[in-house]
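In: Got a predicted model here, sequence first, then my questions.
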Amino acid sequence: MELDYKAIGKRVKLARKRMGMTQEALAESAGISTTHMSNIETGYTKVSLQTTVSLANALGVTVDSLLCDNVLSAKEIFSQEIQTLVSDCNDYEIRMIADFVKAAKETIRKHTAFAEQNGFHLK
């Protein structure tokens, strides 16, 4: 399985912005160059495990939260992400989102069942 370095970079960038940090400040805190930091966020470079841990520590997040797009068992991370996304919604917005999620879940399950009945494995 090939790692999705662009997804990792996007997660690093989102966490950095949530912390109100510049690329320069994060790079310095993680002990890497600003150029390397930029390349990580854009997915142009492969990030080592050591650098991933350094970035997670500097950002105050778990390594799981930076890598969750690359692992199959990341339900808890995505559940937390959904909770964060809807935390500022009003009553109308949360009802609409709930309707979208119900419809999406139903469609996904129907598609998965159809695919498996026809010999395709989606997992």
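Out: Nice, I can see it.
In: pLDDT averaged over the helix or strand that contains Ala98 - what is it?
Out: Assigning secondary structure by DSSP states H and E places Ala98 in helix 91-117. For helix 91-117, mean pLDDT is 91.
In: Would you map out the domains in the protein?
Out: 5-70, 75-117 (automatic domain parsing).
In: so of those domains, which one's packed in deepest?
Out: Most buried of those, by mean neighbour count (mean count of other CB atoms under 10 Å): domain 5-70, with a mean of 17. The way it works is simple: take the backbone N, C-alpha and C, and place the C-beta from them, glycine included.
In: Quick one: distance of that one to the chain centre.
Out: The chain centroid and the centroid of domain 5-70 are separated by 12 Å under CA atoms, centre = their mean, to the nearest Å.
In: hmm, back to that, out of the domains of the chain, which gets the lowest mean score?
Out: domain 75-117 (a mean of 91).
In: what residues are up against Val47?
Out: 5, 8-9, 40, 55 (CB atoms under 8 Å, 6 or more residues apart in numbering).
In: Any chance of these in TSV with secondary structure and distance to Gly20 as columns?
Out: Formatted as TSV, these follow (DSSP: H, G, I helix; E, B strand; the rest coil; distance: CB to CB, whole Å):
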residue	secondary structure	distance to Gly20
Tyr5	helix	24
Ile8	helix	21
Gly9	helix	19
Ile40	helix	19
Leu55	helix	16
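In: List just the nearest of those to Leu72.
Out: Comparing those against Leu72 with CB to CB places Ile8 closest, at 15.8 Å.
In: Appreciated, that's everything.
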